[in-house]
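K.L.:
my questions are about this predicted structure, shown below with the sequence.
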Amino acid sequence: MFRWADTSVHGTTHICKPFFSSRNGREMQGCKPSTPGAGRAAHAYRGLTSPRRCGDGDCWRLSRAPPAARRAWGEAGARSMVRCGGALLRRYGNFIDDLRLYVRGGTGGMGYPRLGGEGGRGGDVWFVAQEGSTLKSIKARYPQKRFVAGTGANSSVKALKGEKGKDCEVHVPPGISVLDDDGKKIGELNGAGERFLAARGGLGGSLATNFLPCKGQRRIVHLDLKLIADVGLVGFPNAGKSSLLSKISQAKPEIANYAFTTIQPELGKIMYEDFKQILVADLPGLIEGAHQNKGRGHKFLKHVERTKHLLLVVDISGFQLSNKTQFRTAFETVLLLTKELELYNEELLTKPALLAINKMDLPCAKDNLNELMKQLQNPEDFLHLLEEEVIPENTVDFREIIPISTYTGEGIEELKACVRRSLDEEAEQENEEYRKKKLLLLHTSGEQMNKG
Ligand SMILES: Nc1nc2c(ncn2[C@@H]2O[C@H](COP(=O)(O)OP(=O)(O)OP(=O)(O)O)[C@@H](O)[C@H]2O)c(=O)[nH]1
Ligand SMILES: [Mg+2]
């Protein structure tokens with residue numbers, strides 16, 4: 001259940017209780033913010049949140065916040081004043097995670113009717129997973145995006161059985177799903193060296209075909225890339241995911257105080273003293289409705305599918321995309337993120353998950369954290385205040401909740417340790433299951449041999 005890591009904020013380990021939702025009759029975890037969503041108090045509360053650049057180019061400017069909020073926000077807020085720019089005008093970077101290709105197997109060779117010779121089979125088109133390969137490099141090298149294998153050799157007096165046409169091998173990055181033109185998955189390439197037959201060559205001419213060759217298989221396929229990482233950073237825009245990645249790894253992602261700074265996934269490695277490395281993927285921010293592809297949600301959510309662990313990152317001061325959208329408290333953002341994951345693919349909620357509560361250096365953070373804690377401990381007291389649309393059907397079972405600040409470094413070491421512990425536990429569990437399966441297999445094969 002929810003477990004708070006030791007932090008310099010609290011200095012204690014705190015166990016939060018799960019709660020029972022009367023709404024859907026399921027066990028839930030979470031809380032309801034006591035701050036109402038409207039009115040003067042809420043306005044002040046909102047004013048304490050980081051002013052940010054909104055989706056449509058407007059800003060929640062600090063100057064609009066009430067004076068009390070501005071005072072409370074103080075320097076930290078001023079430091080992270082909104083920067084309005086043309087970021088949203090940028091394309092989705094030059095990172096490519098979907099490529100449409102035409103593939104055709106080679107035509108078979110002609111048969112030799114007089115001597116009953118058989119033409120060679122056409123070559124095949126193969127996709128071969130190779131480390132270092134990218135969809136971008138495929139596009140750059142083969143702008144036509146057409147892959148045709150060689151034609152089989154004709155049967156001749158010298159060689160009655162014609163030679164097979166040359167195979168065409170396309171090197172693709174590991175983590176590829178191959179889809180047909182209707183979007184149906186026809187193959188997967190996860191590890192380096194794995195191969196997928198994309199188009200089979202046609203048979204050579206023989207007696208059965210009146211010595212006429214057959215054409216090779218032809219089709220349109222999509223290569224859909226999903227990042228494979230140990231941990232995926234999931235959160236609303238501006239929560240500090242990229243800041244966190246830059247703090248725990250050598251990666252240098254772009255960091256800025258506006259939504260959608262990260263427009264393409266970025267990878268970083270956490271290096272531990274014993275040389276263990278954990279691959280972390282910084283994913284672009286999600287917004288409400290991401291599961292319906294709002295804010296390019298599908299493009300980003302699909303990467304979550306292949307990460308082993310989820311690390312949800314939320315801003316303790318809450319989130320508001322623009323002054324036209326509703327303000328969401330830290331707890332509401334947790335629920336909303338859960339909901340987006342659940343609606344996109346329910347299985348995502350079965351992944352081991354951790355929760356990082358960021359921006360603990362803000363003046364309002366400790367109060368908000370205490371409030372959040374109260375809500376987490378007695379959620380049933382607050383749940384009825386939440387809007388229906390915020391509450392997910394299921395919940396993420398957070399292994400640990402860690403308050404952090406990427407500015408001061410608070411909680412960062414604890415977070416790294418928690419990530420390591422969680423991955424190690426999972427690996428141990430997988431090993432145990434593998435051992436059990438092997439033992440069972442040995443046992444049953446031994447019994448069969450005894451019977452024989
Ligand atoms: N006060 C404070 N600000 C922070 C902290 N971490 C990040 N920020 C600020 O929050 C803003 C957003 O940080 P990013 O790391 O770009 O956030 P993100 O989640 O990657 O945002 P997107 O890429 O848009 O999804 C930046 O101005 C950061 O400087 C923190 O611990 N404390
Ligand atoms: Mg980012």
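P.N.:
Thanks, I have the structure now. Ligands and ions are numbered 1, 2, ... in the order given.
K.L.:
how close does residue 270 get to ligand 2?
P.N.:
According to CB to the ion, to the nearest Å, residue 270 and ligand 2 sit 17 Å apart. No exception for glycine: its C-beta is placed from N, CA and C like everyone else's.
K.L.:
residues near residue 342, how many?
P.N.:
Applying other CB atoms under 10 Å, we find 18 residues neighbouring residue 342.
K.L.:
what sits against the nearest residue to it once chain neighbours are set aside?
P.N.:
Nearest non-adjacent residue to residue 342, counting by CB to CB, 6 or more residues apart in numbering: residue 392, 5.1 Å away. Neighbouring residues of residue 392 by CB atoms under 8 Å, 6 or more residues apart in numbering: 335, 338, 339, 342.
K.L.:
tell me if I am right that the second one is in a helix.
P.N.:
Yes - if the criterion is DSSP: H, G, I helix; E, B strand; the rest coil, then residue 338 is within a helix.
K.L.:
which residues does it contact?
P.N.:
349, 392, 394, 395, 396.
K.L.:
ok, now the first one?
P.N.:
Applying CB under 8 Å, 6+ apart, we find residue 335 in contact with 30, 386, 390, 391, 392.
K.L.:
could you look up the SS state of it?
P.N.:
Judged by three-state DSSP, the three-state class of residue 335 is helix.
K.L.:
that older thread, and which of the contacts of residue 335 is nearest residue 104?
P.N.:
residue 392 (45.9 Å; CB to CB).
K.L.:
please tell me how far that closest one sits from ligand 1.
P.N.:
21 Å (CB to the nearest ligand atom, to the nearest Å).
K.L.:
what parts of the stretch 251-400 of the chain come near ligand 1?
P.N.:
Within the stretch 251-400 of the chain, the positions near ligand 1 by CB under 6 Å from any ligand atom are 255-257, 259-262, 284-285, 358-359, 361-362.
K.L.:
let's see that with 5 Å instead.
P.N.:
Within the stretch 251-400 of the chain, the positions adjacent to ligand 1 are 255, 257, 259, 260, 261, 262, 285, 359, 361 by CB under 5 Å from any ligand atom.
K.L.:
do the stretch 101-250 of the chain as well
P.N.:
Near ligand 1, when you scan the stretch 101-250 of the chain using CB under 5 Å from any ligand atom, you find 237, 238, 239, 240, 241, 242, 243.
K.L.:
which strand or helix spans the nearest residue to residue 251 once chain neighbours are set aside?
P.N.:
Nearest residue to residue 251, sequence neighbours excluded (CB to CB, 6+ apart): residue 268, at 3.1 Å. Element membership of residue 268, judged by DSSP states H and E, is strand 266-271.
K.L.:
for that strand, which outside residues touch it?
P.N.:
227, 229, 242, 245-246, 248-251, 253, 277-282, 416, 419-420.
K.L.:
ok so residue 138 is a helix residue?
P.N.:
Yes - under three-state DSSP, residue 138 sits within a helix.
K.L.:
could you report the neighbour count for it?
P.N.:
By other CB under 10 Å, the residues close to residue 138 number 21.
K.L.:
go ahead and confirm it touches residue 170.
P.N.:
Yes - counting by CB atoms under 8 Å, residue 170 is a contact partner of residue 138 at 6.8 Å.
K.L.:
what's the overlap in contacts for the two?
P.N.:
Common neighbours of residue 138 and residue 170 (CB under 8 Å, 6+ apart) are residue 101.
K.L.:
circling back: which of the contacts of residue 338 sits closest to ligand 1?
P.N.:
residue 396 (18.1 Å; CB to the nearest ligand atom).
K.L.:
so how far is residue 397 from the residue nearest to that closest one when sequence neighbours are not counted?
P.N.:
Nearest-residue entry for residue 396: residue 353, 4.5 Å, with adjacent residues in sequence omitted and distances by CB to CB, 6+ apart. Computed with CB to CB, to the nearest Å, the distance linking residue 353 and residue 397 is 7 Å.
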